[in-house]
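J.: okay, predicted coordinates and the sequence, questions at the end:
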Amino acid sequence: MFLQTMVTGLGIGSIYALMAMGYCLVFSILNFSNFAHGAMIMLGAYVGFLFCSIIGIPFFFSLIITAIITGILSIINERLAYRTLRERNAPSLYLIITAMGISIILENLVYSTIGSNFYSYPKVFTRNYIEIFSSTIGLIDIYSFFVSIICIILLHLFLNHSKMGIAIRAGVADQVATSLMGANFNVLIRNVFFLSGIFAGIAGVFMGLRYMVYPQMGWITNKAYIAAVIGGLGSLPGAIIGGLILGIIETFVSVYISSVVRDVFSFSLLILILLIKPLGLFGIKLEDKM
């Protein structure tokens, strides 16, 4: 039971980590909480369902296509909703309010066009589980964990070994100096939102595969926010560790105590971390972050 619970926790935590990574990427460079990230996760779940179930494209090809589409949607979101505010040097609070508005608009757009029905993905794997040491391990937990690991490795390589990735890291450290060095800051932000959308799309597909697809599933942004705060807002390693910690704790609470109080433990952990380490486990003290 312990091994099964741990693997399930890692599977769920890896999805939280993906969501938190996309969330932290935007926060680290624009200093605001992108609450529209949950809407991108929801759209990713719907797009993945479209390609995987209705069109019938194999799952992993659907996953790649969905990631690209949600990345593009995230770029469009930034261009239409945030860029004008940025260019006018609007306070971070205005960006946060706009992000909330975008989330509400997209959710209601899905309600009015697709409806409020719940959809379930078709059977993706030939087997739903495997037996390891007398424990039943779900294949979705294994696949979600390894896909997340691959995404983390690719992001690490991109940020540390490509010109654009190094420019993004420089922009996070000092926007003015990066611009003076010749970097186009709008291009950097566009690429950050593209990466954020990719992670949102992948997370959305796995959330839809694990549970159901419905318009209100964007609430899962709360879990991404908790994971990001636990790890330290703006810290990608913190987002990964925070997501895994949150997933493992929620799973063990659900199995050994009750699923009813799972969220109580999640938010209690958030409060405890903030009381002990206000900046999170790996947070860096920066000014004017909300």
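T.: Sure thing, it's come through. Residues are numbered from 1 along each chain as shown.
J.: contacts and neighbour counts: CA atoms only from here.
T.: Will do.
J.: and the helix or strand residue 227 falls within, what does it pack onto?
T.: Assigned by DSSP states H and E, residue 227 belongs to helix 221-231. The helices and strands touching helix 221-231, judged by 3 or more CA pairs under 8 Å, 6 or more residues apart in numbering; DSSP states H and E, are helix 2-30, helix 236-256, helix 262-276.
J.: deepest-packed of those helices, please.
T.: helix 2-30 (a mean of 26; mean count of other CA atoms under 10 Å).
J.: got the angle between it and helix 236-256?
T.: Taking axes from the mean of the first three to the mean of the last three CA atoms, to 10 degrees, one finds that helix 2-30 is oriented at 150 degrees with respect to helix 236-256.
J.: what mean pLDDT does helix 2-30 get?
T.: Mean per-residue pLDDT for helix 2-30: 86.
J.: how far off centre is the worst-scoring helix or strand of the chain on mean pLDDT?
T.: Between all helices and strands in the chain, the lowest mean by mean pLDDT, DSSP states H and E belongs to strand 129-132, at a mean of 72. Taking CA atoms, centre = their mean, to the nearest Å, one finds strand 129-132 lying 28 Å from the centre of the chain it belongs to.
J.: check stretch 209-222 too.
T.: 12 Å.
J.: okay, how far is it across that stretch, tip to tip?
T.: End-to-end distance for stretch 209-222: 19 Å, by CA to CA, to the nearest Å.
J.: list the buried residues in it.
T.: For stretch 209-222, the neighbour count (16 or more other CA atoms under 10 Å) marks 209, 212, 213, 214, 215, 216, 217, 218, 219, 220, 221 as buried.
J.: residues in contact with that stretch?
T.: 19, 35, 37-42, 45-46, 49, 107-108, 110-111, 116-121, 140 (CA atoms under 8 Å, 6 or more residues apart in numbering).
J.: let's see it at 6 Å
T.: Stretch 209-222 has contacts (CA atoms under 6 Å, 6 or more residues apart in numbering) with 38, 39, 42, 107, 118, 119, 120, 121.
J.: neighbours of the fifth one, how many?
T.: Neighbour count for residue 118, taken as other CA atoms under 10 Å: 10.
J.: what sits against it?
T.: 213, 214.
J.: phi first, then psi, for it.
T.: The phi and psi values for residue 118, taken as degrees, to the nearest 10, are phi -100, psi 140.
J.: against residue 264, how distant is it?
T.: Between residue 118 and residue 264 the computed distance is 26 Å (CA to CA).
J.: show me how far stretch 94-108 is from its chain's centre.
T.: Taking CA atoms, centre = their mean, one finds the center of stretch 94-108 at 17 Å from the center of the full chain.
J.: and that stretch, average pLDDT?
T.: Mean per-residue pLDDT for stretch 94-108: 91.
J.: next, the buried residues of that stretch.
T.: For stretch 94-108, burial by neighbour count (16+ other CA under 10 Å) applies to 95, 96, 98, 99, 100, 102, 103, 104, 106, 107, 108.
J.: give me the distance between the fourth one and residue 35.
T.: Residue 99 sits at a distance of 5 Å from residue 35 (criterion: CA to CA).
J.: what do you get for the fifth one?
T.: Distance, residue 100 to residue 35, by CA to CA: 6 Å.
J.: list the buried residues in the helix holding residue 227.
T.: For helix 221-231, by 16+ other CA under 10 Å, it's 221, 223, 224, 225, 226, 227, 228, 229, 230, 231.
J.: mind putting the residues you listed into JSON lines with distance to residue 237 and pLDDT?
T.: Putting the buried residues of helix 221-231 into JSON lines (distance: CA to CA, whole Å; pLDDT from 0 to 100) gives the following:
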{"residue": "221", "distance to residue 237": "18", "pLDDT": "75"}
{"residue": "223", "distance to residue 237": "16", "pLDDT": "80"}
{"residue": "224", "distance to residue 237": "14", "pLDDT": "78"}
{"residue": "225", "distance to residue 237": "14", "pLDDT": "82"}
{"residue": "226", "distance to residue 237": "14", "pLDDT": "84"}
{"residue": "227", "distance to residue 237": "11", "pLDDT": "84"}
{"residue": "228", "distance to residue 237": "10", "pLDDT": "83"}
{"residue": "229", "distance to residue 237": "12", "pLDDT": "84"}
{"residue": "230", "distance to residue 237": "11", "pLDDT": "84"}
{"residue": "231", "distance to residue 237": "7", "pLDDT": "82"}
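J.: of the residues you listed, which is the nearest to residue 260?
T.: Nearest to residue 260 among the buried residues of helix 221-231: residue 223, at 15.8 Å, using CA to CA.
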